[in-house]
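Student: mind folding the following:
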Amino acid sequence: MSLTIRKNKDYFKLEYEVDVDGDASVVVPSLTLVIHFNIVINGHILQVSTYNGNFLREFANFTINSTYFTSLGYETTTNVSTENKTSFKLDLKCQIFNTGQYQSLSKLKEVSITLHWLTQENICNIQDLTESFNYLLNSWILEVEDKYPFVFSVVGREYVKINMHWYLKTRSEVLGDSEPDIEKVLQILKSHIKEKYQTIVLLRHTRKLARFGHIPERSGNIVGSYALTILDY
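Tutor: Numbering: from 1, shown residues only. Below is the predicted model:
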């Protein structure tokens with residue numbers, strides 16, 4: 001899947017691939033979800049071994065400082081080194097689906113995101129880069145949240161965390177040690193999330209997003225109205 005935009009004479013493009021263990025309808029993140037970022041400018045991939053590492057470290061810091069990943073309930077670390085075949089990688093340690101009852105479910109293990117910039121400029125400004133890439137990444141959120149709400153939905157993951165806690169607690173008190181059908185319960189919660197709690201739905205009622213951050217007064221498009229962004233610069 002890819003998204004492309006034009007800004008003046010420059011073109012920006014996002015491509016991504018996911019590595020999912022299995023093809024079930026219920027997919028949760030692996031204990032540590034790895035996101036590989038490739039930054040490609042005029043056909044040349046930026047890597048520490050071939051480019052200024054400080055630029056990539058600064059860009060990587062924008063992701064680790066993002067309110068989006070912390071609101072999802074992940075612990076984040078970045079890896080920018082000459083050993084990487086990509087520009088850098090972001091490790092997300094899941095704090096919700098990290099117990100034994102989720103072990104048998106299909107896992108999303110890795111995501112590869114490639115961000116292209118085609119430009120005639122001799123000097124690449126990091127602010128121009130992040131502004132355009134943020135637009136693409138926020139559009140990407142809407143895409144992957146629909147496919148994998150247990151991985152990428154901020155409200156959805158919080159909804160699951162609260163409901164699963166009380167479901168398991170109540171079931172244990174009433175039925176004892178009987179084994180719950182976790183996948184069936186998650187399928188029900190997934191349908192609720194897609195119907196009521198996805199970003200694309202909540203953006204129609206921006207008050208519902210207020211608890212997750214400031215809603216900007218200037219909201220000329222649906223992506224720009226979203227309070228959470230992947231690159232916090």
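Student: for the chain, what spans make up the strands?
Tutor: In the chain, the strands defined using DSSP state E lie at 2-7, 10-21, 27-41, 44-45, 74-79, 88-94, 106-118.
Student: out of the ones you listed, nearest to S172?
Tutor: For the strands of the chain, the distance to S172 is smallest for strand 27-41, at 20.9 Å, taking CB to CB. Yep, even glycine has a C-beta here, placed from its N, CA and C like the rest.
Student: and the closest one, C-alpha only, in PDB?
Tutor: C-alpha atoms of strand 27-41 as PDB (Å, rounded to 0.1, in the frame of the first residue of the first chain):
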ATOM      1  CA  VAL A  27      -4.300  -9.800  15.500                       C
ATOM      2  CA  VAL A  28      -2.400  -8.400  18.500                       C
ATOM      3  CA  PRO A  29       1.100  -7.000  18.600                       C
ATOM      4  CA  SER A  30       4.000  -9.200  19.500                       C
ATOM      5  CA  LEU A  31       5.600  -8.500  22.900                       C
ATOM      6  CA  THR A  32       8.100  -6.200  21.100                       C
ATOM      7  CA  LEU A  33       6.800  -4.800  17.800                       C
ATOM      8  CA  VAL A  34       9.600  -3.500  15.600                       C
ATOM      9  CA  ILE A  35       9.000  -0.700  13.100                       C
ATOM     10  CA  HIS A  36      11.700  -0.200  10.500                       C
ATOM     11  CA  PHE A  37      11.900   3.200   9.000                       C
ATOM     12  CA  ASN A  38      13.600   3.900   5.600                       C
ATOM     13  CA  ILE A  39      14.100   7.500   4.500                       C
ATOM     14  CA  VAL A  40      14.800   7.800   0.800                       C
ATOM     15  CA  ILE A  41      15.700  11.100  -0.700                       C
END
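Student: so how far is it off the chain centroid?
Tutor: Remark: strand 27-41 is offset 8 Å from the chain centroid, using CA atoms, centre = their mean, to the nearest Å.
Student: tell me the mean pLDDT over that strand?
Tutor: Averaged over strand 27-41, pLDDT sits at 94.
Student: buried set for that strand?
Tutor: Buried residues in strand 27-41, defined by neighbour count with 16 or more other CB atoms under 10 Å: 27-30, 33, 35-41.
Student: excluding chain neighbours, what is closest to P149?
Tutor: The spatially closest residue to P149, leaving aside those adjacent along the chain, is G156, at 4.3 Å (CB to CB, 6 or more residues apart in numbering).
Student: measure the one you found to L3 for me?
Tutor: As judged by CB to CB, to the nearest Å, G156 and L3 stand 22 Å apart.
Student: and those two? which has more neighbours close in?
Tutor: Using other CB atoms under 10 Å, the more surrounded residue of G156 and L3 is G156, with 24 against 15.
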